[in-house]
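Colleague: take a look and give me a structure for this.
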Amino acid sequence: MSTLFDPIHIGRIAAANRIVMAPLTRNRAGAHEVPTEMMAAYYAQRASAGLIVAEATQISAEGQGYIATPGVHTPEQVAGWSRVTDAVHAAGGKIVLQLWHVGRISHVSLLGGNAPVSSTSRAAVAKTFTHEGFVDVSVPRALRTDEMPRLVADYRQAARNAIEAGFDGIEVHAANGYLLDQFLRDSINDRTDAYGGSIANRCRVVVEIMQAVAEEIGADRCGIRLSPVTPFNDAGLDSDTQGLFNHLMQQLAPMKLAFMHVIEGSTGGPRDFAPLDYDALHAIYKKAHPQGTWLLNNGYDRAMAIETVGSGRADAIAFGKPFISNPDLVRRLREDAPLAVPDAATMFGGDAKGYLDYPTLDAAAS
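Modeller: Residues are numbered from 1 along each chain as shown. Okay, the predicted model is just below:
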């Protein structure tokens with residue numbers, strides 16, 4: 001029986017334990033969305049995680065939805081991320097990059113005056129963070145059918161750029177009401193072309209993207225994040241959530257991706273699983289890819305994580321907010337030590353305060 005603290009191979013990535021740092025947007029990228037030395041120090045502090053999934057990172061200028069979020073589409077951004085991966089590897093850690101396109105969760109002021117793009121031309125009832133503060137998102141335009149190959153190519157290039165920056169792999173962000181989730185759900189996707197209508201059509205772009213990134217860098221360095229029932233960013237439930245995600249899993253599992261990262265319940269909210277049977281998705285994945293890593297996330301504490309891995313319901317557990325305020329979270333979980341609580345006021349944007357100054361157990365004791 002495996003435990004939370006046992007090593008695991010996540011695809012080709014040899015992880016020292018089954019505690020994963022979830023991707024956490026902190027809005028601390030520098031000018032031109034370039035990762036900074038401060039970010040390198042932040043991730044290196046947390047390198048004891050079996051695997052770090054670095055924060056959501058836009059695959060193109062078009063994909064940006066908030067100020068001070070990093071990109072991976074310019075040489076300067078790739079060079080900035082190289083400093084981060086060097087620091088994490090020097091500290092003995094492993095790190096993958098989450099590839100992100102926000103879709104309609106953006107504002108024209110962040111996009112050179114252009115409208116955001118989506119599966120739809122309907123605006124989300126949501127806000128985003130701009131230089132003027134929190135504002136309503138802009139009305140999007142629906143991507144044309146002839147633009148879809150370019151979108152897939154952007155993900156492919158971003159995956160290549162991530163490897164060139166020294167990442168051990170990538171995670172495609174298909175969750176939380178962002179672009180790929182906007183294609184998956186019929187509560188948002190109102191298209192009538194090959195990317196709308198039926199479940200197979202709505203899954204099409206996600207499947208094409210995962211095929212492209214796996215072909216580019218190897219399936220054993222690729223994962224994907226899904227949030228089947230979260231309402232975040234005005235993402236209403238699909239009319240057939242189980243059917244949608246069963247079909248998607250049936251398409252993705254045979255690709256033998258390194259890991260499947262699934263958010264249970266509402267993002268940052270209650271662990272209310274209705275109307276989805278997560279174990280059914282797990283079974284589909286494992287039947288096609290027994291060696292794949294099933295990674296669960298959302299609201300786990302130490303006891304829940306230990307029990308879930310020990311029972312085989314997951315291979316690893318991702319922790320989000322606890323990693324913000326506990327850079328040595330792995331040690332604290334292993335020793336059942338108290339956890340520090342993150343400061344909400346410094347969570348998004350700012351300087352080193354609330355970013356680099358959370359003490360380890362040893363530092364707190366001294």
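Colleague: ok now the longest strand along the chain, how far from the chain's centre?
Modeller: The residue-count maximum for a strand in the chain (DSSP state E) belongs to strand 51-58. Relative to its chain's centre, strand 51-58 lies at 6 Å (Cα atoms, centre = their mean, to the nearest Å).
Colleague: remind me what it packs against, helices and strands.
Modeller: Using 3 or more Cβ pairs under 8 Å, 6 or more residues apart in numbering; DSSP states H and E, the elements in contact with strand 51-58 are strand 19-21, helix 75-90, strand 95-100. In this view, the C-beta of every residue, glycine as well, is placed from N, C-alpha and C.
Colleague: pick the most deeply packed of these.
Modeller: Most buried of the helices and strands packed on strand 51-58, by mean neighbour count (mean count of other Cβ atoms under 10 Å): strand 95-100, with a mean of 28.
Colleague: if we can go back for a sec, pLDDT (mean, whole number) over the longest strand of the chain?
Modeller: Regarding strand 51-58, the rounded mean pLDDT is 98.
Colleague: what about the closest residue to residue 66 other than its chain neighbours, which SS state?
Modeller: Setting aside the residues directly before and after it, residue 66 is nearest to residue 129 in space (Cβ to Cβ, 6 or more residues apart in numbering), at 4.6 Å. Secondary structure, DSSP: H, G, I helix; E, B strand; the rest coil: residue 129 is strand.
Colleague: then residue 249?
Modeller: State at residue 249, reduced to three classes by three-state DSSP: helix.
Colleague: lowest average confidence, helix or strand, in this structure?
Modeller: Least confident helix or strand of the chain, by mean pLDDT, DSSP states H and E, is helix 361-365 with a mean of 84.
Colleague: tell me how far that one is from the chain's mean position?
Modeller: With Cα atoms, centre = their mean, you get 30 Å for helix 361-365.
Colleague: what about the helices and strands packed on strand 51-58, which gets the closest to residue 244?
Modeller: Taking Cβ to Cβ, strand 95-100 is the member of those nearest to residue 244, at 21.1 Å.
Colleague: helices or strands up against that closest one?
Modeller: The elements that strand 95-100 packs onto, with contact taken as 3+ Cβ pairs under 8 Å, 6+ apart, are strand 51-58, helix 75-90, helix 148-164, strand 169-173.
Colleague: so what touches stretch 184-203?
Modeller: 118-120, 122, 142, 145, 148, 174, 177, 181-183, 204-206, 234-240, 243-244, 247-248, 251 (Cβ atoms under 8 Å, 6 or more residues apart in numbering).
Colleague: hang on, the earlier thing: the longest strand of the chain vs helix 148-164, what angle?
Modeller: 140 degrees (axes from the mean of the first three to the mean of the last three Cα atoms, to 10 degrees).
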